[in-house]
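Asker: No letters, just coordinates:
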């Protein structure tokens with residue numbers, strides 16, 4: 001991966017051929033224009049979760065170039081996505097516009113800012129509830145708002161289903177992130193999750209298969 005500060009030096013030579021954008025797309029990471037970085041197992045799992053838990057609202061942190069956001073728009077009725085980089089958000093909005101035109105009755109919102117600081121306001125203004133899927137994927141670049149995002153969910157007194165991208169999956173060779181030497185794993189976020197759900201009142205599950213960029217994913221599911 002390249003840092004956000006240097007992304008302009010890593011532009012693709014050509015515009016994308018999928019017709020979703022007229023802009024030159026920065027080359028940031030594998031599978032960047034596909035949902036969950038090209039992970040078809042992840043899309044299947046999220047659709048199962050949607051059906052089982054009757055979820056049709058998504059709050060995404062880390063829009064990036066909109067690869068996953070487009071898919072959320074195609075499959076959920078309400079999508080709100082947060083991005084801190086205005087250049088990335090501009091590209092994502094353009095890429096998402098065509099998907100939204102195909103589903104005009106759906107609600108699609110974009111917020112610009114640090115998700116760790118504005119997620120609480122987003123939760124309030126969108127009236128997010130326990131039936132909202134939170135997809136936390138903003139931890140790329142010079143900062144990592146993940147713990148702040150979880151704190152915002154706890155402060156809102158929600159007990160939703162949470163999906164965290166780029167985590168360490170025990171026993172698997174999937175890709176995962178680190179921040180200041182801290183591995184993204186359950187032990188790191190346990191205290192934050194306990195504040196949201198209460199100790200032993202939730203289960204943590206991981207993806208057992210992966211495709212595309214082969215990234216680890218954590219699903220946090222309340223028990224009641």
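Answerer: Yes, it's here. Note that the structure is predicted; figures quoted are calculated from it, not measured.

Asker: Please work out which helix or strand belonging to this protein has the smallest mean pLDDT.
Answerer: helix 86-102 (a mean of 87; mean pLDDT, DSSP states H and E).

Asker: any idea which helix or strand comes after it?
Answerer: strand 107-112 (DSSP states H and E).

Asker: Pull the residues that contact the next helix or strand after that following strand.
Answerer: Next along the chain after strand 107-112, taking DSSP H and E as the criterion, comes helix 115-126. Helix 115-126 is contacted by residues 57, 59, 61-62, 78, 80, 82, 84, 109, 111, 128, 138, 143, 145-149, 152-153, 155-156, 158 when judged by CB atoms under 8 Å, 6 or more residues apart in numbering. Any C-beta I mention is one placed from the backbone N, CA and C, and that applies to glycine too.

Asker: What about those, which are in strands?
Answerer: Judged by DSSP state E, the contacts of helix 115-126 include 57, 59, 61, 78, 80, 82, 109, 111 as members of strands.

Asker: quick one: which of those residues has the most company?
Answerer: Among the ones in strands among the contacts of helix 115-126, residue 61 has the most neighbours (other CB atoms under 10 Å), with 28 neighbours.

Asker: thought that residue was touching residue 84?
Answerer: No: between residue 61 and residue 84 there is no contact under CB atoms under 8 Å: 9.2 Å.

Asker: Mutual contacts of those two, please.
Answerer: 115, 138.

Asker: could you measure residue 96 against residue 71, distance?
Answerer: With the distance defined as CB to CB, to the nearest Å, residue 96 ends up 10 Å from residue 71.

Asker: quick one, which of the two is more surrounded?
Answerer: Ranked by neighbour count (other CB under 10 Å), residue 96 and residue 71 place residue 96 first, with 24 against 19.

Asker: give me phi/psi at residue 191?
Answerer: Here is the backbone geometry of residue 191 (degrees, to the nearest 10): phi -60, psi -40.

Asker: tally of neighbours for residue 163?
Answerer: 24.

Asker: repeat for the one 10 residues further on
Answerer: A count of neighbours around residue 173, defined by other CB under 10 Å, yields 9.

Asker: Now it. Nearest residue, chain neighbours left out?
Answerer: Nearest residue to residue 173, sequence neighbours excluded (CB to CB, 6 or more residues apart in numbering): residue 214, at 7.7 Å.

Asker: And that neighbour, what's its pLDDT?
Answerer: At residue 214, the pLDDT value in this model is 96.

Asker: Quick check, it in contact with residue 175.
Answerer: Yes: with contacts counted by CB under 8 Å, residue 214 reaches residue 175, the gap being 5.7 Å.

Asker: list the buried ones in the least confident helix or strand of the chain?
Answerer: Neighbour counts using 16 or more other CB atoms under 10 Å place 88-93, 95-96, 99-100 of helix 86-102 among the buried residues.

Asker: Kindly report the same for stretch 116-129.
Answerer: Quick answer for stretch 116-129 (16+ other CB under 10 Å): 116, 118-120, 122-123, 126, 128.
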